[in-house]
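[1] Using only what follows, build the 3D model:
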Amino acid sequence: MIFNHKLSAQSNYITRMAYSRRTFLKNSALAVAGSTMLPDTILAAARKKRIVGIQLYTVRDEMKKDPSGTLKQLAGMGYQYVEHANYIDRKFYGYSAKDFKSLLDSLGLKMLSGHTRMDPQHWDETKKDFTDAWKWTVDDAAVAGQQYVISPWLDASLRKTYDDLLHYMDVFNKSGELCKRSGMKFGYHNHDFEFSTVLNNMKVFDIILQNTDPELVAQQLDMGNLYNGGAIAIAIVMQYPGRFELMHVKDEIKATSGSEKYESTILGEGIVNTRQVTDLGKKSGGTKHFIIEQESYQGKSPLDCSRADLEIMKKWGY
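    Numbering: from 1, shown residues only. Now for the predicted structure:
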């Protein structure tokens, strides 16, 4: 607002105050009216940005027997997103990339991420390039509609020494560049050895996080696996804020069988503090994709566990 230079200082002040008061009252009224819309609009918009899916390893036996029928059941539960754990001979659960995407489309499902191990044989050190097998993996992931190509393992031969691992992190970044050319991102998913194996006084996980480009390599934190490596999920999210674009949402209890100390269970029933970890991921971890995974079932069926886990996530506001 421009005032006439002949106005006295007093009138100038009064005019400004009147304008400010009118503006304040108007804005306050709008704020009160708008506040009634906040829970539905803003929170709904926030939910739309978050992806809640299921890692199909949860129902691995069912997917092996009847992929189409199992996916139909998951869609019927309310799942909209899945993450694969089966890519063999350029096929997802026996389907070509194009056919698998068509199947998912017919059920109203999307597969934005998937697990395929990037192993030593996928990188040709003499040519300083990826082999055709890994290039096909990336190509097929793009056809299937993925946004992330995630390697869920780091071969033991690549983590014998600090220098070996450091060198392979350059390959991680190069895989990120390869995926980027197809509109996707490379990613890594942890197990437990990353937190229990130390090279040059650094944990493998720290070496990975500190030597990969976040613009090229996404991190998918498995909040359950790391307990077998002696780590605590919420501490890791606090240590690396903004680094976890994806999470495997899990809970853990003391193992009832096998060689590991802990096994997964229904969300909210174990030691992970799953809701707190997911909430922190949402607030400061940079997490947009929350992928439910349960590998042990304590006598329940995998499909029943899948239904229960999704209902729990919905109760938590996801």
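[2] what's the closest non-adjacent residue to residue 226?
    residue 195 (5.4 Å; Cβ to Cβ, 6 or more residues apart in numbering). For every residue, glycine as well, the C-beta is placed using N, CA and C.
[3] hmm, who's touching the stretch of helix or strand that neighbour belongs to?
    Under the criterion of DSSP states H and E, residue 195 resides in helix 193-196. With contact meaning Cβ atoms under 8 Å, 6 or more residues apart in numbering, helix 193-196 is reached by 154, 159, 203, 204, 205, 208, 226, 229, 230, 231.
[4] Out of the residues you listed, list just those in strands.
    residue 203 (DSSP state E).
[5] and the residue nearest to residue 226, how far is that from residue 316?
    26 Å (Cβ to Cβ, to the nearest Å).
[6] Looking at the two, which has the bigger crowd around it?
    residue 195 (21 against 16; other Cβ atoms under 10 Å).
[7] Can you give me the distance of the more buried one to residue 238?
    Relative to residue 238, and taking Cβ to Cβ, residue 195 is found at 15 Å.
[8] Give me the neighbour count for the closest residue to residue 318 other than its chain neighbours.
    The shortest distance from residue 318 to any non-neighbouring residue, by Cβ to Cβ, 6+ apart, is to residue 52 (5.0 Å). Neighbours of residue 52 under the rule other Cβ under 10 Å: 21.
[9] didn't residue 52 look like it was pressed against residue 290?
    Yes. At 5.1 Å, residue 52 counts as touching residue 290 under the criterion of Cβ atoms under 8 Å.
[10] Quick check: neighbours shared by these two?
    313, 318.
[11] you'd agree residue 71 is up against residue 80?
    No. Using Cβ under 8 Å, residue 71 makes no contact with residue 80, being 11.6 Å away.
[12] Now the common contact residues for these two.
    Joint contacts of residue 71 and residue 80 (Cβ under 8 Å, 6+ apart) are residue 109.
[13] Tell me which of the two has more neighbours.
    residue 71 (24 against 14).
[14] how near is that one to residue 290?
    19 Å.
[15] Kindly report the same for residue 173.
    26 Å.
[16] more neighbours, those two?
    Taking neighbours as other Cβ under 10 Å, residue 173 and residue 290 compare with residue 290 leading, 20 against 17.
[17] Assign a three-state SS to that one, would you?
    Put simply, residue 290 is strand when judged by DSSP: H, G, I helix; E, B strand; the rest coil.
[18] wait, what's in contact with residue 287?
    Taking Cβ under 8 Å, 6+ apart, one finds 221, 244, 245, 246, 247, 278, 281 in contact with residue 287.
[19] ok but it is inside a strand, no?
    No. Under three-state DSSP, residue 287 sits outside any strand and is assigned coil.
[20] Tell me how far it lies from residue 233.
    Residue 287 is 12 Å from residue 233, by Cβ to Cβ.
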